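Novice: Below are the sequence and a predicted model; questions follow.
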Amino acid sequence: MTKLVDLSQTVRDGLVTYRGLPAPYVCDFLSRQASEDTYGQGVTFQIDRIEMVGNTGTYLDSPFHRYAGAKDLAALELDALADLPCVVVRSYAAAPFHAVDAAQFAGIDVAGKAVLVETGWSRHWGSDAYFEGTPFLTRDAALSLRDGGARLAGIDALNIDDVRDGERPVHTILLAAEILICEHLTNLAELPDSGARFFAVPPKFAGVGTFPVRAFARIDD
């Protein structure tokens, strides 16, 4: 038996993922009503037009997001995005700006794995609380993941970095090591601590560093 667990937030017109960035605008390019004049009788199609920034919904950061000349979305190998063995580290945020430090990863084999950090913050998605006091990984946590050989790091919160720190050390360290980042995950409580397989595949866009993904995990019994 195989179970698939959806780890993505829903994207819709007007959704604010990150304050200060524009919400997506979704409209008709060709409506069903208008398409009646183009196709056969009774045959209609909906063609949508979407305007948005890459940092929308649950998204993946490639090294190009942080570094000019580094790998963009189109340059990422599929084996870095799909069917990754994953471990879930649980560090629940009981207070604002909860810091997940290197000690949380002690004794965990992260080599070649997607390391997903469950803080419980996704429960605030869609409310003002989601933007206030969000949990994050520390610089030492990022170094631990890099030195341990992690393949991808994800979190169920607004940002993997402390949003008060403009240097963004976690993005800087991980993306320099080509460790991909997935933010705004959800439903991590449904995953086991280890044994699941993680998928987060964006479109193959050249010259783009970040884009939404339909992140999910596969659990094989």
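Specialist: Perfect, I can see it now. Owing to the predicted nature of the structure, the values given are computational and were not obtained by experimental measurement. Numbering: from 1, shown residues only.

Novice: Partner strands of the helix or strand harbouring residue 49, with direction?
Specialist: In this assignment (DSSP states H and E), residue 49 forms part of strand 47-51. The pairing partners recorded for strand 47-51 under DSSP bridges are strand 25-30 (antiparallel).

Novice: Tell me the helix or strand right after the strand it pairs with.
Specialist: Using DSSP H and E, the helix or strand that follows strand 25-30 in sequence is helix 32-35.

Novice: Please state the offset of that following helix from the chain centre?
Specialist: 35 Å (Cα atoms, centre = their mean, to the nearest Å).

Novice: Quick one: mean pLDDT for that helix?
Specialist: In this model, helix 32-35 has a mean pLDDT of 92.

Novice: which residue packs closest to residue 143, ignoring adjacent ones?
Specialist: Nearest non-adjacent residue to residue 143, counting by Cβ to Cβ, 6 or more residues apart in numbering: residue 173, 6.2 Å away. Using the backbone N, CA and C atoms, a C-beta is placed for each residue, glycine as well.

Novice: From residue 139, how far off is the residue nearest the centre of the chain?
Specialist: Residue closest to the mean C-alpha point of the chain, counted by Cα atoms, centre = their mean, is residue 182 at 2.8 Å. From residue 182 across to residue 139, the span is 19 Å (Cβ to Cβ, to the nearest Å).

Novice: Let me see the mean pLDDT of the longest helix seen in the chain.
Specialist: Taking DSSP state H as the criterion, the chain has its longest helix at helix 139-148. Here helix 139-148 scores 98 as its mean pLDDT.

Novice: Mind exporting the C-alpha coordinates of it to CSV?
Specialist: Below are the C-alpha coordinates for helix 139-148, written out as CSV (Å, rounded to 0.1, in the frame of the first residue of the first chain):
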residue,chain,number,x,y,z
ARG,A,139,23.3,29.7,10.9
ASP,A,140,24.7,26.7,12.8
ALA,A,141,21.7,24.6,11.8
ALA,A,142,22.5,25.4,8.1
LEU,A,143,26.1,24.5,8.6
SER,A,144,25.1,21.2,10.2
LEU,A,145,22.9,20.3,7.2
ARG,A,146,25.6,21.4,4.7
ASP,A,147,28.3,19.4,6.5
GLY,A,148,26.0,16.4,6.9
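
Novice: Which other helices and strands does it contact?
Specialist: When contacts are defined as 3 or more Cβ pairs under 8 Å, 6 or more residues apart in numbering; DSSP states H and E, helix 139-148 packs onto helix 169-176.

Novice: from the middle of its chain, how far away would the helix it packs on be?
Specialist: How far helix 169-176 lies from its chain's middle: 15 Å, per Cα atoms, centre = their mean.

Novice: now the angle from that helix to helix 139-148?
Specialist: In terms of direction (axes from the mean of the first three to the mean of the last three Cα atoms, to 10 degrees), helix 169-176 departs from helix 139-148 by 20 degrees.

Novice: How about residues contacting the lowest-mean-pLDDT helix or strand in the chain?
Specialist: Within the chain, no helix or strand scores below helix 32-35, which has a mean of 92 by mean pLDDT, DSSP states H and E. Outside helix 32-35, the residues that touch it by Cβ atoms under 8 Å, 6 or more residues apart in numbering are 28, 43, 44, 45, 46, 47.
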